[in-house]
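Q: Here is a sequence together with a model predicted from it:
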Amino acid sequence: FLIEPSFIQSRNYAARKGTRERKQKKKVKKVEVEKVAFIPHNQRKKDRLLAARATLKYDDSWKSAPVDNVYHTKYYRSKIYPFEEAVQCHRETHHPDMYNVPNASLFARIELYMQGEKKTRFVDDFNQVVAIPHKFDHGEERAIIAFSKTAEAQKEALDAGAQLAGGVDLIKQVQNGAISLQNFHFVVAHPDILPELLALRGVMKRKFPNPKNGTLDVDLATVTERFINGIHYYAKKDEHEKDFGLVETVIGTLDMEPTHLEENFAALVKDLYAMRPKREGHFISRCLLRSPPSPEQLTVDYNLYIEDEKDKKEKKVEDEDEEEGERVAL
């Protein structure tokens with residue numbers, strides 16, 4: 001029989017230069033397709049509406065100043081009224097011949113820029129009670145409970161308007177459930193009873209007195225009066241536009257003296273400005289005065305009532321220069 005020779009080719013030399021590179025280029029890269037979850041139809045409509053939603057931040061700095069006393073507000077900058085003039089304008093619309101509400105409430109609408117120290121961080125919602133120089137009927141019911149070891153401080157709190165005041169015995173009544181803290185809007189305390197009051201921290205939660213919001217103080221009479229008669233305001237971020245915040249609160253009534261209303265407004269602006277984040281730029285964007293039932297809103301200048309950090313530094317430098325000049329003169 002015939003045996004055919006078998007031949008097996010073997011290659012013991014390198015491939016031509018560039019072969020591996022060509023093969024790598026020919027390989028088709030697999031592209032991973034991200035799976036998009038099903039979006040309900042009602043959610044799609046909501047997303048389209050939000051995309052077409054106009055920004056809440058108001059900026060008319062690019063508009064030209066009006067040259068006449070009659071103009072279309074759409075094309076010109078809004079007029080900034082002196083505070084007393086704005087109050088007088090609202091009084092005219094609420095005159096008995098028009099709305100016939102001469103003692104209507106005057107509201108301050110304050111727009112805030114809520115961006116924090118970083119661009120991705122925003123100021124948390126907050127609420128404060130600011131003391132005002134001129135009291136008015138705000139129409140809110142505010143029940144206050146006060147804690148102190150001394151009978152004198154307890155009496156001062158009761159005289160100032162607290163619903164209930166007491167010491168260690170009152171703490172025990174709260175622990176036993178005889179007194180419910182849910183019936184009180186604010187809790188104030190003297191520092192002398194703070195160690196015993198720690199037993200109620202879990203019950204009080206956010207109502208627990210602390211010096212930051214002014215509920216822990218040695219002068220219970222002043223604190224109680226502040227929380228009863230002061231302006232209680234809330235600063236809230238917009239749900240969809242996180243860097244826009246709004247404060248809207250009453251500062252008095254139209255039948256009050258304009259200077260008294262202005263002083264209440266100044267106290268509110270100063271307290272609000274103290275809550276600004278530690279970053280460059282403005283915190284308060286715009287201040288408006290309105291008085292229902294009129295839809296009219298008048299812009300007022302808030303910068304007259306706050307002292308900027310730059311102004312403080314300049315004032316400090318001026319004071320130092322004056323002191324140095326006096327020393328040289330001596």
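A: Sure, I can see it. All figures in this text were calculated on a predicted structure; none of them were measured in a lab.

Q: which non-adjacent residue is nearest I251?
A: Distances taken as Cβ to Cβ, 6 or more residues apart in numbering place N264 nearest to I251, at 4.6 Å, with adjacent residues excluded. Using the backbone N, CA and C atoms, a C-beta is placed for each residue, glycine as well.

Q: whoops, I mixed them up, A221
A: Nearest one to A221, counting by Cβ to Cβ, 6+ apart, is E156 at 4.0 Å.

Q: again, but for Y302
A: Closest to Y302 by Cβ to Cβ, 6+ apart is C287, at 4.4 Å.

Q: Name the strands paired with whatever helix or strand that neighbour lives in and say parallel or antiparallel.
A: Following DSSP states H and E, one finds C287 within strand 284-290. With DSSP bridges as the test, strand 284-290 is paired with strand 105-113 (antiparallel), strand 297-300 (antiparallel).

Q: Surely the residue nearest to A221 is in contact with V218?
A: No - using Cβ atoms under 8 Å as the test, E156 is too far from V218 to be in contact (10.7 Å).

Q: Which of those two has more residues huddled nearby?
A: Counted by other Cβ atoms under 10 Å, E156 and V218 do not tie: E156 has more neighbours, with 22 against 11.

Q: Go through the strands paired with strand 284-290 and pick out the most buried.
A: strand 105-113 (a mean of 20; mean count of other Cβ atoms under 10 Å).

Q: Buried residues of the following helix or strand past that strand, list them for me.
A: Next along the chain after strand 105-113, taking DSSP H and E as the criterion, comes strand 126-130. For strand 126-130, the neighbour count (16 or more other Cβ atoms under 10 Å) marks Q128, V129, V130 as buried.

Q: OK, contacts around the first one?
A: The neighbours of Q128, taking Cβ atoms under 8 Å, 6 or more residues apart in numbering as the test, are N213, H232, Y233, D271, L272, M275.

Q: Just to be sure, which of those are found in strands?
A: Applying DSSP state E to the contacts of Q128, the entries found in strands are H232, Y233.

Q: Restrict the contacts of Q128 to the buried ones and give me that as a ChimeraX selection.
A: Filtering the contacts of Q128 down to the buried ones (16+ other Cβ under 10 Å) takes a single ChimeraX command:
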select :232,233,271,272
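
Q: Redo the contacts of Q128 as a markdown table? Include distance to T222 and pLDDT.
A: Output for these, formatted as a markdown table (distance: Cβ to Cβ, whole Å; pLDDT from 0 to 100):
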| residue | distance to T222 | pLDDT |
| --- | --- | --- |
| N213 | 14 | 87 |
| H232 | 17 | 95 |
| Y233 | 19 | 96 |
| D271 | 15 | 95 |
| L272 | 21 | 94 |
| M275 | 21 | 92 |
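
Q: closest to P295 among the contacts of Q128?
A: Y233 (21.6 Å; Cβ to Cβ).

Q: one step back: reformat the strands paired with strand 284-290 as a markdown table; add mean pLDDT and distance to D238.
A: Shown next, in a markdown table, are the strands paired with strand 284-290 (pLDDT from 0 to 100; distance: least, Cβ to Cβ, whole Å):
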| stretch | mean pLDDT | distance to D238 |
| --- | --- | --- |
| strand 105-113 | 96 | 10 |
| strand 297-300 | 96 | 18 |
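
Q: Relative to R44, tell me which of those strands wins on proximity.
A: strand 105-113 (30.7 Å).

Q: chain center to that closest one: distance?
A: 11 Å (Cα atoms, centre = their mean, to the nearest Å).

Q: Please enumerate residues in contact with that strand?
A: 56-58, 87, 90, 123, 235, 243-254, 261, 265, 268-269, 272, 281-292, 297, 302.

Q: Among those residues, name the ones in helices.
A: V87, H90, L261, F265, L268, V269, L272 (DSSP state H).

Q: Tell me the one of the residues you listed nearest K118?
A: Looking across the ones in helices among the contacts of strand 105-113 and measuring by Cβ to Cβ, the closest to K118 is L272, at 21.7 Å.

Q: Report the contact partners of the closest one.
A: I110, L112, Q128, V130, Y233, A235, V247, I284.

Q: Point out where the chain drops to low pLDDT.
A: Along the chain, the model assigns pLDDT under 70 to residues 1-15, 27-34, 36, 308-330.

Q: Run through the bridge partners of the residue sitting nearest the centre point of it.
A: By Cα atoms, centre = their mean, the chain has its centre lying nearest to A235, at 3.4 Å. Bridge pairing for A235 (DSSP bridges) gives the partners F126.
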